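# Next input, structure requested:
(chains A and B)
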Amino acid sequence: GESVGLHLPTLSVQEGDNSIINCAYSNSASDYFIWYKQESGKGPQFIIDIRSNMDKRQGQRVTVLLNKTVKHLSLQIAATQPGDSAVYFCAENVGGGADGLTFGKGTHLIIQP
Amino acid sequence: DTAVSQTPKYLVTQMGNDKSIKCEQNLGHDTMYWYKQDSKKFLKIMFSYNNKELIINETVPNRFSPKSPDKAHLNLHINSLELGDSAVYFCASSHTGTVSSGNTIYFGEGSWLTVV
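Take a look at the predicted model:
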């Protein structure tokens, strides 16, 4: 089965509001997590990442929070803009070589004007 | 300049045909990947490959085969195409070694394959 999943398939927020996208993972051996953004007709784009020895990391308008106790990851986007509309994926890696990433199912973020 | 580029972007073909999707990266990476994204947007790794090791997802049919003429290219060959092969295929690359902060995976724009 999949070790990474999302709580909500679709999230609709008003432009200018903050949004939070959640992700649950089940593999306690995972040591690296990434959030990707996929716009319509394009490939996944790296947004932000976090290692398992951290619980928070901030970027430009985005923050990733990691709670290893409950195996939960979240992506917070501040002051959402129309360009934030996309599908967001969390992904995990358990390390140990060229084994790529395991992706969650994706959350479609819709920004309403 | 596109870091990871794949061609064709769109491909419509009949069942039973053999087709290839090409991928090139100019990031200097030495590990490349193929992912498949189904109609529900689920992304699943098919292969990862560097000059020493090919890792195959055991769920991938042997009709699919990666071919790497050099470390900047990883092409995907598909034989005897089936309706269920219709999907978006993404090429990606990274440096060899543990995927981690500073060594993440970069994706191409995808190739939309439709089998009719």
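
# Flag the shaky bits of chain A, pLDDT-wise.
A:1-8, A:95-99 (pLDDT under 70).

# Please apply the same query to chain B.
Scanning chain B for pLDDT under 70 picks out the ranges B:1-2, B:97-102.

# repeat that for 80
Applying pLDDT under 80 to chain B flags the ranges B:1-2, B:51-52, B:56, B:58, B:96-103.

# where does it come near chain A, residue by residue?
B:4, B:31, B:33, B:35, B:40-45, B:48-50, B:53, B:55, B:90, B:92, B:94, B:96-101, B:104-110 (CB under 8 Å from any CB of the partner chain). Where C-beta positions appear, they are placed from N, C-alpha and C, glycine not excepted.

# Buried only: go through the residues you listed for me.
Neighbour counting by 16 or more other CB atoms under 10 Å in any protein chain shown classes B:4, B:31, B:33, B:35, B:41, B:43-45, B:48-50, B:55, B:90, B:92, B:94, B:96, B:98-100, B:104-110 among the residues of chain B next to chain A as buried.

# Now, these that are in strands?
In strands, defined here by DSSP state E, the members of these are B:4, B:31, B:33, B:35, B:43-45, B:48-49, B:55, B:90, B:92, B:94, B:106-107.

# From chain B, how far out is A:T80?
As defined by CB to the nearest CB, to the nearest Å, A:T80 lies at a distance of 20 Å from chain B.

# can you check A:N93 too?
Taking CB to the nearest CB as the measure, A:N93 falls 4 Å from chain B.

# So that residue sits against A:Y25, correct?
No. With contact defined as CB atoms under 8 Å, A:N93 does not count as touching A:Y25 (10.9 Å).

# Overlap in contacts, these two.
With contacts defined as CB atoms under 8 Å, 6 or more residues apart in numbering or on different chains, the residues adjacent to both A:N93 and A:Y25 are A:F33.

# ok, for A:Q14, nearest residue in space, not its chain neighbours?
If the residues on either side of it in the chain are set aside, A:Q14 comes closest to A:Q112, at 5.3 Å by CB to CB, 6 or more residues apart in numbering or on different chains.

# thought that neighbour was touching A:D17?
No. With contact defined as CB under 8 Å, A:Q112 does not reach A:D17; the gap is 9.1 Å.

# how about the residues of chain A that lie near chain B?
For chain A, the contact set with chain B under CB under 8 Å from any CB comprises A:31-32, A:34, A:36, A:38, A:41-46, A:49-51, A:87, A:89, A:93, A:95-103, A:105-106.

# Skipping adjacent residues, who's closest to the residue nearest to the spatial centre of chain B in space?
In chain B, the centroid-proximal residue (CA atoms, centre = their mean) is B:W34; its distance is 2.6 Å. Nearest-residue entry for B:W34: B:M46, 4.5 Å, with adjacent residues in sequence omitted and distances by CB to CB, 6+ apart.

# thought that neighbour was touching B:Q37?
No. The pair B:M46 and B:Q37 does not pass the contact test of CB under 8 Å, sitting 10.6 Å apart.
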